[in-house]
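**Q** Pasting the sequence and the predicted coordinates here, then a few questions.
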Amino acid sequence: MSGLLSRVLTAGLLLAVFVPAAVWAPSGLWGVLMAVVVGVAGFEWARLGHFTRGAARGYGVALTLAALVLTGWDWPALQGGFVMLATAFWIVVAPLWLLRRWRVSSMALRAVLGAVLLLAIWAALMELHARGPGVLLGVAMVVWIADTAAYFAGRHFGRHKLAPAISPGKTWEGVVGALLALSLYGIGLVRFAGVPLWPLLPLLAVLLYVAVLGDLFESWIKRVSGVKDSGAVLPGHGGVLDRIDALASTLPVATGMLMWLEGRP
């Protein structure tokens, strides 16, 4: 099976699970499903940090249990805290991290950072799901459209490397393709869903920037760890972290922007 075909089939299977769950799963079941995803991603993050396999499993289980415990709580302040911490990381810290090529040797710091970022994904998924499947899928579509457009634009037109020292396969042509695709998506939302033009298009541009950051950040972590993929559970995509790297940055930032627009702390 070719790499592209394997990638497409895996993506189709993931969508066949994610979309029905987003539309029909009650909040409790949704929380359980997303807690499992966070746990698997946590295991992969720990392995990238060179935790032993046993320690990585314990770390993944701990994140799953933390998310499961939080599922039953009325915790808007804690939820907002995770979202805002992650938003600050992606807007302020991640660009500096990539520019300065930081390497973190402390296992404790890696564990804390992974917990904050991964539980922030879970918090964002819970918040967006509570707003309705249209909101959740609408935000997720930003990443899916950008990722697909960047892949094919880069594959066919890519000439100028975006960050060759971090991820040699990514190109500026891919970013332009993603921007054009998201512009069309935004126009479609304005025309057919009644979403106001302002602030939609600037927000889409911000989310594209953050999605690229998330992708590059995971690529840098893998480069530092000396591996090509975070795992091997998803044929054509690698690991769970490889599939959700852009979602990991985009979903919390999108949730934070929604909270800000509503005047929520």
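**A** Cool, the structure landed.
**Q** What segments of the chain are strands?
**A** 161-163, 167-171 (DSSP state E).
**Q** weakest of these by average pLDDT?
**A** In terms of mean pLDDT, the lowest-scoring of the strands of the chain is strand 167-171 (a mean of 89).
**Q** next one: that strand to chain centre, how far?
**A** Computed by CA atoms, centre = their mean, to the nearest Å, the chain-centroid distance of strand 167-171 equals 18 Å.
**Q** helices or strands up against it?
**A** On a contact count with 3 or more CB pairs under 8 Å, 6 or more residues apart in numbering; DSSP states H and E, strand 167-171 meets helix 133-157, strand 161-163, helix 197-225. Where C-beta positions appear, they are placed from N, C-alpha and C, glycine not excepted.
**Q** what comes into contact with the first one?
**A** Residues external to helix 133-157 that are found in contact with it (CB atoms under 8 Å, 6 or more residues apart in numbering): 18-19, 22-23, 125, 128-129, 169-171, 173-178, 180-182, 185, 189, 193, 204, 207-208, 211, 215, 246-247, 250-251, 254.
**Q** Give the buried residues for that helix.
**A** 133, 135-140, 142-147, 149-154 (16 or more other CB atoms under 10 Å).
**Q** residues contacting the nearest residue to L125 once chain neighbours are set aside?
**A** Using CB to CB, 6 or more residues apart in numbering and skipping the chain neighbours, the partner closest in space to L125 is M34 (4.9 Å). Taking CB under 8 Å, 6+ apart, we find M34 in contact with 67, 121-122, 125-126.
**Q** The residues you listed into JSON lines, with extra columns for neighbour count and pLDDT?
**A** What follows is these, written out as JSON lines (neighbours: other CB atoms under 10 Å; pLDDT from 0 to 100):
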{"residue": "A67", "neighbour count": "25", "pLDDT": "90"}
{"residue": "I121", "neighbour count": "25", "pLDDT": "93"}
{"residue": "W122", "neighbour count": "27", "pLDDT": "92"}
{"residue": "L125", "neighbour count": "26", "pLDDT": "93"}
{"residue": "M126", "neighbour count": "21", "pLDDT": "92"}
